[in-house]
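Peer 1: sharing a model that was predicted from the sequence below.
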Number of protein chains: 2
Amino acid sequence: MNIAAESGAFADMMRLLEDLGRIGREPGGGVTRLLYSPSWQEAQRLLAGRMADAGLEVRYDRVGNLYGRLPGTRPDLPVVLTGSHVDTVRAGGDYDGAGGIAAGIAALSYLKRRFGMPVRTLEVVSFCEEEGSRFPLTYWGSGSIGGRYRIGDGTGIYDAEGVSLDEAMKAAGFGHGSQPDCCRRDIGDYVELHIEQGVVLEAAGRRIGVVESIVGQRRYGIAVTGNSNHAGTTPMSYRADALAGAADMIVRVEEMAKQAGNGVVATVGRIEALPNTPNVIPGEVRFSLDIRHTESWMLNEFSESALETFQRIAAARKLLVKADCWLKTEPVPMDGTLAGRIERLCMEAGLPYLRMVSGAGHDAQMMAAVSRAAMLFVPSRGGISHAKEEYTEPAYLAEGAAVLAACLHELAYTTGVDG
Amino acid sequence: MNIAAESGAFADMMRLLEDLGRIGREPGGGVTRLLYSPSWQEAQRLLAGRMADAGLEVRYDRVGNLYGRLPGTRPDLPVVLTGSHVDTVRAGGDYDGAGGIAAGIAALSYLKRRFGMPVRTLEVVSFCEEEGSRFPLTYWGSGSIGGRYRIGDGTGIYDAEGVSLDEAMKAAGFGHGSQPDCCRRDIGDYVELHIEQGVVLEAAGRRIGVVESIVGQRRYGIAVTGNSNHAGTTPMSYRADALAGAADMIVRVEEMAKQAGNGVVATVGRIEALPNTPNVIPGEVRFSLDIRHTESWMLNEFSESALETFQRIAAARKLLVKADCWLKTEPVPMDGTLAGRIERLCMEAGLPYLRMVSGAGHDAQMMAAVSRAAMLFVPSRGGISHAKEEYTEPAYLAEGAAVLAACLHELAYTTGVDG
């Protein structure tokens, strides 16, 4: 198919995004659709209707992942799946997750109209949860498909109101034994379109990001202990100032990441000082450290080196420092053959693209456990995401959907399972 | 009088401190006696009783400062005043303020017993307020005496519950026109004993601090603005990280104060990052900056230089920085003749002393507007204050009270107004 010629066919996906954007709308702007909430249920109902309108067979699985299916003529061949997640962060944007579902529905609708029934079964999925905004857990949808979670795992997980994930799931009509099992072993290829949520494509003037890898993460809680003393009566030389020490650590870890120059990112996003009063030297400071890279060895080496540096700074300042690693995820490479296919399609269409890494986690990393997996990014204006200002040009979204459709076409309308 | 021989006479002031420490006792430890509160009223009643027991004439002024008076044989000569404040911070210690009142009562009681009536009238005062813990205002007691405040100034000042200072004062039985005016012009000398609230005396192995000057202060609110972005999808080179920038500023201002080496202290006690989430680059950080020194020119020069440095750091990091100076007090020198007298008394008694500055504000700086003023410090264990762990050795307190009594004796039992 000729992507440039066809991308006009995907312009109507904007209407679906607009309709979705009205569900869970906050008075101050932004949308909130937390897992299993009324707005979440309304969004899934809307999507189920649009999938049916597109001539897809609609079904939910046991945790509430919503599928639209275009059956292939060769049901023995592995399924080709696309999609993204329907939930949002609190007061999030209109595109994160929703963009990939809308593009998937638009692509399947287009392919059915243009090429009829596929050889391999084509499906689009609206994953029930990815953000971790209601419950302290992420990828509940794709993780249940990929085998990371089992249905009972929602029992001991509670939201801020004390409702368990399991209770919320059942209240929304899911979690019953009669509903289809989540876990799937029949998927051959998973291709997800997502907004970049960063500024790299925009800054480079590219329209499509071909994701090579999703970064691994290390997250630490760092606690620095000194002595809390009177700001007036304690000479500089007698101080063990936990905040000055923490500041020293923050400046140095930023410097280390800049000097590494290999794409590693290190962020201190959260800080808390005690007692946090202008006229008292802070005796304790806690801060977060988030480190991301596409190579496990680099993550380990950088983390170790950062923590050693913190220890050295603490020792020189008569402070104590403790580090607690509370999140450790390994990098997930995307399938090289699928990425190569997306790249070729961009080249053929004359679309400026960029091979890049994803610094954010995505459902594709869960799907990679049971399928070949690939992602393509479309630009985010100003790199802004998880906010009401999140925006992607309709033309860029349509182009992305056209590339997605072309990729799904090549995969599903031939018998050859490539690679 | 022979201080070393007499200091045993002041050991009973510990009983008064213990009794005071039971008033406003917190379940978790520490004492809370906020201005005009029931525990404050109870403390003043206890002190009034002990003043009367010591044979002093007891009276309150219009704002609730409590005086005990030992009339002199020459009422035409200026009064000699000692004392400190009865209020505390929340969950504060047993010695801050209370120590100076107890020492004052003990000294007057001793002098009356030992030497009879003085030539110059001797008074001890329990100032109603110094800490600023209930209302956003400090030195309400001594400031009303020294002329900084007038009785009506409490009208527009509210506590956290929305009660005005004026209402609270009237509810406690003060603020009425029939009560004695606060402002005094009849005081010749004011001598205050206070705990050091710092670690200098302990570290130097000295028992008495002779205060030369009370520092001036500049307090700033600093706001650093950058761009809030995704911690994973924003490469290091695209960041405008407000927290990394603030950390840089905090490290540098500490360095500047250390390098100045002239006693200037600079403290960042409070910090707040937005949105304060581990996986988001902070877009805004606010922090406090507290600068203290005994010279106005140094305060101005250091402040200017710090703010210039902040601007340079911000410019290099593509951040904006704004500084708001919300507190500016000038240094207050103590009277040199009085300080010299205290120093001589320490030498004569063989007490190891230290000439020093006060890094904290005290009532003495208000009294210096209407009287010669002096302060002597006794050591604080570990420099800890404003906490339940606040402690001063009874022997050190007794020595301090003996020096205070000796000083008051020299001033009040002769007709000569020295200096």
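Peer 2: Perfect, I can see it now.
Peer 1: what number of residues lie near A:Q41?
Peer 2: The local packing of A:Q41 (other Cβ atoms under 10 Å in any protein chain shown) involves 16 other residues. Quick note: C-beta positions are derived from backbone N, CA and C, even for glycine.
Peer 1: again, but for A:N300
Peer 2: 15.
Peer 1: go on, A:S109?
Peer 2: 24.
Peer 1: list the contacts for it?
Peer 2: A:S109 makes contact with A:A54, A:G55, A:L56, according to Cβ atoms under 8 Å, 6 or more residues apart in numbering or on different chains.
Peer 1: can we see that at 7 Å?
Peer 2: Residues counted as contacts of A:S109 (Cβ atoms under 7 Å, 6 or more residues apart in numbering or on different chains) are A:A54.
Peer 1: got the phi and psi for it?
Peer 2: A:S109 adopts backbone torsions of phi -60, psi -50, taken as degrees, to the nearest 10.
Peer 1: same check on A:P333?
Peer 2: Torsion angles, degrees, to the nearest 10, at A:P333: phi -70, psi 140.
Peer 1: what does A:I384 give?
Peer 2: phi -80, psi 130.
Peer 1: would you mind measuring from it to A:R239?
Peer 2: 40 Å (Cβ to Cβ, to the nearest Å).
Peer 1: so between the two, which is more surrounded?
Peer 2: A:R239 (23 against 20).
Peer 1: grab the nearest non-local neighbour of that one.
Peer 2: Distance criterion Cβ to Cβ, 6 or more residues apart in numbering or on different chains; nearest residue to A:R239, sequence neighbours excluded, is A:I281 at 5.8 Å.
Peer 1: can you name the residues bridging to the one you found?
Peer 2: Beta-bridge pairing of A:I281 under DSSP bridges involves A:N229.
Peer 1: run a quick neighbour tally on it.
Peer 2: Here the count is done by other Cβ under 10 Å, and A:I281 has 27 residues near it.
Peer 1: quick one: it from B:A223, how far?
Peer 2: On the measure of Cβ to Cβ, A:I281 and B:A223 end up 21 Å apart.
Peer 1: pretty sure the residue nearest to A:R239 sits against A:S228.
Peer 2: Yes: counting by Cβ atoms under 7 Å, A:S228 is a contact partner of A:I281 at 6.0 Å.
Peer 1: chain center to stretch A:212-224, what's the gap?
Peer 2: 15 Å (Cα atoms, centre = their mean, to the nearest Å).
Peer 1: the helix or strand encompassing A:A244 vs helix B:242-260, what angle?
Peer 2: In this structure, A:A244 sits in helix A:242-260 according to DSSP states H and E. Per axes from the mean of the first three to the mean of the last three Cα atoms, to 10 degrees, the angle that helix A:242-260 makes with helix B:242-260 is 120 degrees.
Peer 1: could you identify the helix or strand that succeeds helix A:242-260?
Peer 2: strand A:265-267.
Peer 1: state the distance from the most centrally placed residue in chain A to A:D324.
Peer 2: Central residue of chain A (Cα atoms, centre = their mean): A:H362, 3.2 Å from the mean position. A:H362 sits 26 Å away from A:D324, going by Cβ to Cβ.
Peer 1: the longest helix in chain A is where?
Peer 2: helix A:296-316 (DSSP state H).
Peer 1: mind giving me the packing neighbours of that helix?
Peer 2: Contact here means 3 or more Cβ pairs under 7 Å, 6 or more residues apart in numbering or on different chains; DSSP states H and E; on that basis helix A:296-316 packs against strand A:216-225, helix A:242-260, strand A:284-293, strand A:320-329.
Peer 1: so how far is the second one off the chain centroid?
Peer 2: So that's helix A:242-260. 27 Å.
Peer 1: pull out the buried positions in it.
Peer 2: For helix A:242-260, a neighbour-count test (16 or more other Cβ atoms under 10 Å in any protein chain shown) marks A:242-254, A:256-258, A:260 as buried.
Peer 1: how about that helix as PDB, C-alpha atoms only?
Peer 2: C-alpha atoms of helix A:242-260 as PDB (Å, rounded to 0.1, in the frame of the first residue of the first chain):
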ATOM      1  CA  ALA A 242      21.800  16.800  55.200                       C
ATOM      2  CA  LEU A 243      20.400  19.100  52.600                       C
ATOM      3  CA  ALA A 244      23.700  20.500  51.500                       C
ATOM      4  CA  GLY A 245      25.000  16.900  51.300                       C
ATOM      5  CA  ALA A 246      22.000  15.800  49.200                       C
ATOM      6  CA  ALA A 247      22.400  18.800  46.900                       C
ATOM      7  CA  ASP A 248      26.000  17.800  46.400                       C
ATOM      8  CA  MET A 249      24.900  14.300  45.500                       C
ATOM      9  CA  ILE A 250      22.200  15.600  43.100                       C
ATOM     10  CA  VAL A 251      24.700  17.800  41.300                       C
ATOM     11  CA  ARG A 252      27.200  15.000  40.900                       C
ATOM     12  CA  VAL A 253      24.900  12.300  39.700                       C
ATOM     13  CA  GLU A 254      23.600  14.800  37.000                       C
ATOM     14  CA  GLU A 255      27.200  15.500  36.000                       C
ATOM     15  CA  MET A 256      28.000  11.700  35.800                       C
ATOM     16  CA  ALA A 257      25.000  11.100  33.500                       C
ATOM     17  CA  LYS A 258      26.000  14.000  31.200                       C
ATOM     18  CA  GLN A 259      29.600  12.900  31.100                       C
ATOM     19  CA  ALA A 260      28.600   9.300  30.300                       C
END
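Peer 1: how about it, does it reach chain B?
Peer 2: Yes: residues of helix A:242-260 contacting chain B under Cβ under 7 Å from any Cβ of the partner chain: A:L243, A:A244, A:A247, A:D248, A:I250, A:V251, A:E254, A:A257, A:K258.
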